[in-house]
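Peer 1: have a look at this prediction, sequence included:
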Amino acid sequence: MISFTEENYLKAIYHLIEQEGEAVTTNAIAEKINTKAASVTDMLKKLSDKKLINYQKYQGVTLTPKGEKTALNIIRKQRLWEMFLVEKLDFKWDEVHDAAEQLEHIKSDKLIEQLDKFLNYPKVDPHGDPIPDAKGRLQIQKSHLLSKFKKNDVCIMTGVVDHSPAFLQYLDKSGITLGNEIKIKEIIEFDRSLQIITGRQKTIFISNDVAKNILVIAK
C-alpha cells in the first residue's frame, strides 16, 4: 500500500518533472511540498525502496514507470473530483482544490470509473488541465501563453498556469473564463501589459504577469 503522503510526493515529483523536463532536486521537492529537505530525503529513500522513483544523492529524482503510473492515477482522481464538484455541486473553480486533494486518496477503482462515466468522460478539468484516462494516457492540447501573442491576434482561452484561488477569482471578476475568445487590441510598450477584448465584448487591461499565466490557442 502507498500512503497518502507518498501519493502526494509522487504527484509533486510528476508536476516538477513536467515543468522542468528533467530530474528534480530535493530542494525543489521540499519547496513544492512545503517541508524540510531532510524530511524529503527520508521519503525519497522509502519511495526508492518501493521502486517508485529513481534516486541517487546529488543526481536528482525521476519516476519509475510504476511511479509515473501511480502519479497519473492520483492526478486523474483529483481532476475528476474537481470536475464533479464544479459540474454537479456548484463549486466555483477557485474552491475545488482542497476538497479534491482529500478525495483523490480514495482507493476504490470502481468508484472512479463510475465517476468518470457519470461525468460523461471529460477530457479536461475545470481549469483546462487534461484528465488522464484509466490507462494513464493524456490528450494534451498544445497551448501557449497569452503573453507570447501579438497585437490583433485572436485566441481561445484553454487553461491557466497559476491555479491559486486569488488568481482564479481575479479572472472571474475580469470576465475571463475557459473557452473565452480573447483579442489583443493593444500591447503597451512600457511594461508589456495588454489591452484585450474578451468574449463578452468587454475591453480590459491586464498586466504582463497575468498574461503569462493564461493559456490559449490561436483561433
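Peer 2: On my side now, so go ahead. Numbers count the residues shown, from 1 in each chain.

Peer 1: centre of the chain to the helix or strand harbouring residue 18, how far?
Peer 2: Using DSSP states H and E, residue 18 maps to helix 4-20. In this view, helix 4-20 has its centroid 12 Å away from the chain centroid, taken as CA atoms, centre = their mean, to the nearest Å.

Peer 1: check contacts around the residue positioned nearest the centre of the chain.
Peer 2: What sits nearest the mean C-alpha location of the chain, by CA atoms, centre = their mean, is residue 129, with 5.5 Å. Contacts for residue 129 were tallied using CB atoms under 8 Å, 6 or more residues apart in numbering; they are 79, 159. Backbone N, C-alpha and C define where each C-beta goes, glycine included.

Peer 1: top helix in the protein by residue count?
Peer 2: Using DSSP state H, we find that the single longest helix of the chain is helix 65-89.

Peer 1: quick check: residue 33 touching residue 44?
Peer 2: No - in this structure, residue 33 is not within contact of residue 44 by CB atoms under 8 Å, at 11.2 Å.

Peer 1: any common contacting residues for the two?
Peer 2: Taking CB under 8 Å, 6+ apart as the criterion, residue 33 and residue 44 both touch residue 9.

Peer 1: contacting residues around whichever strand or helix holds residue 168?
Peer 2: Using DSSP H and E, residue 168 maps to helix 165-174. The contact list for helix 165-174 (CB under 8 Å, 6+ apart) reads 92-95, 97, 127, 160, 177, 198, 204, 206, 210, 213-214.

Peer 1: all helices of this protein, in order?
Peer 2: Going by DSSP H, the chain shows helices at 4-20, 26-33, 37-49, 65-89, 97-103, 109-118, 165-174, 208-211.
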